[in-house]
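Asker: No sequence on hand, only this structure:
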């Protein structure tokens, strides 16, 4: 039995200590097989639940499991799929070890790919291609086997699944799926790291999800680990207001809070609503440029006349 866990950032609240949105459990999939047909049924189900939602700005990140990647790109063709650099680095490292590449060369190659000034952090396509060519020439002298893997497999996915999303501000540099790994760890703690029956597993997951949504209710009245994000502060209530409300009124208020859609300031949508892009950092302005008021007073410097010496 396998459990495929999805997670997302709950943007309606922030943690009190870090001021960052918490990670919430998303749809989970309990399954026996891990092939393309199994995964595509799961992701098709999620896509059908989002039938009235634009998926162009959706970013989905995973490790490099081929069946899952194929299923995601099939079910969400208009969305952006990214790969975990942690898993890519580990896979590359293992291949170098298997090919008996020396430790010094391994560290040099991995740094040239995943380092702060590596291929994944290239500023534009020209720099990306130059860094790949430079590394390719080095690999040809170190390991023909890894060189072929780099050219045929690793470099193409680094370009489309890592560097391109980073350059367009869709993900941060060296993104990893550590959030999902953390949720996996929480689930294992819930079952005390032991094999459990299917019903016990489902009960444990249900308790976890209910606990997370209970924290959202607490945030509305200003208690608990979370506080409402600025985009959702209009839903804040005092404890007195909450207590005096009927059960139906509380449920209706919480439903409005949960279904509230706010505009992401980092996204720009065309006037016809058909295209959504990530807003440029400068919004078309030069660094330091400001808009002058029409009636702002200006000063003209007096032209000096050149005196005869």
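Answerer: In hand now; what should we look at? What you are looking at is a predicted structure, and each value in this text was computed from that prediction instead of being measured.
Asker: got the domain boundaries for this structure?
Answerer: 1-81+177-279, 85-170 (automatic domain parsing).
Asker: Is it possible to get TSV of those that adds mean pLDDT?
Answerer: Listed next are those as TSV, based on pLDDT from 0 to 100:
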stretch	mean pLDDT
domain 1-81+177-279	88
domain 85-170	94
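Asker: Switch those over to a markdown table, and while doing so, append mean neighbour count to every line.
Answerer: Every residue, glycine included, has its C-beta placed from N, CA and C. Below are the domains of the chain laid out as a markdown table (neighbours: other Cβ atoms under 10 Å):
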| stretch | mean neighbour count |
| --- | --- |
| domain 1-81+177-279 | 14 |
| domain 85-170 | 16 |
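Asker: for the residue lying closest to residue 231 once chain neighbours are set aside, helix, strand, or coil?
Answerer: Beyond its immediate neighbours in the sequence, the residue positioned closest to residue 231 (Cβ to Cβ, 6 or more residues apart in numbering) is residue 262, lying 4.3 Å away. Following DSSP: H, G, I helix; E, B strand; the rest coil, we place residue 262 in the coil state.
Asker: Next, residue 262: phi, psi?
Answerer: phi -110, psi 160 (degrees, to the nearest 10).
Asker: Check the spacing between it and residue 87 real quick.
Answerer: Remark: distance between residue 262 and residue 87 (Cβ to Cβ, to the nearest Å) = 33 Å.
Asker: Likewise for residue 260?
Answerer: Look at residue 260 and residue 87: by Cβ to Cβ, they are 35 Å apart.
Asker: So the residue nearest to residue 231 sits against residue 232, correct?
Answerer: Yes - Residue 262 is within contact range of residue 232, at 7.4 Å (criterion: Cβ atoms under 8 Å).
Asker: what about the helices in the stretch 51-200 of the chain?
Answerer: 66-75, 85-98, 103-114, 125-142, 144-149, 155-158, 164-167, 178-190, 198-220 (DSSP state H, counting those that start in this stretch).
Asker: Please name whichever of the ones you listed is nearest to residue 253.
Answerer: Between residue 253 and the helices of the stretch 51-200 of the chain, the tightest spacing by Cβ to Cβ is seen for helix 198-220, at 7.6 Å.
Asker: circling back to that earlier point, can you give me the distance of the residue nearest to residue 231 to residue 255?
Answerer: Residue 262 is 16 Å from residue 255, by Cβ to Cβ.
Asker: Could you do residue 18 as well?
Answerer: 28 Å.
Asker: what does residue 219 give?
Answerer: 15 Å.
Asker: Could you do residue 212 as well?
Answerer: 17 Å.
Asker: Could you do residue 84 as well?
Answerer: From residue 84 over to residue 255 the distance is 35 Å, taken as Cβ to Cβ.
Asker: can you check residue 151 too?
Answerer: From residue 151 to residue 255 the distance is 53 Å (Cβ to Cβ).
Asker: try residue 229
Answerer: 18 Å.
Asker: and if you look at residue 26?
Answerer: According to Cβ to Cβ, residue 26 and residue 255 sit 19 Å apart.
Asker: repeat for residue 158
Answerer: 43 Å.
Asker: Next: residue 100.
Answerer: From residue 100 over to residue 255 the distance is 61 Å, taken as Cβ to Cβ.
Asker: how far off helix 198-220 does the helix or strand hosting residue 253 point, in degrees?
Answerer: If you go by DSSP states H and E, residue 253 is part of helix 247-259. Put simply, helix 247-259 runs at 90 degrees to helix 198-220, going by axes from the mean of the first three to the mean of the last three Cα atoms, to 10 degrees.
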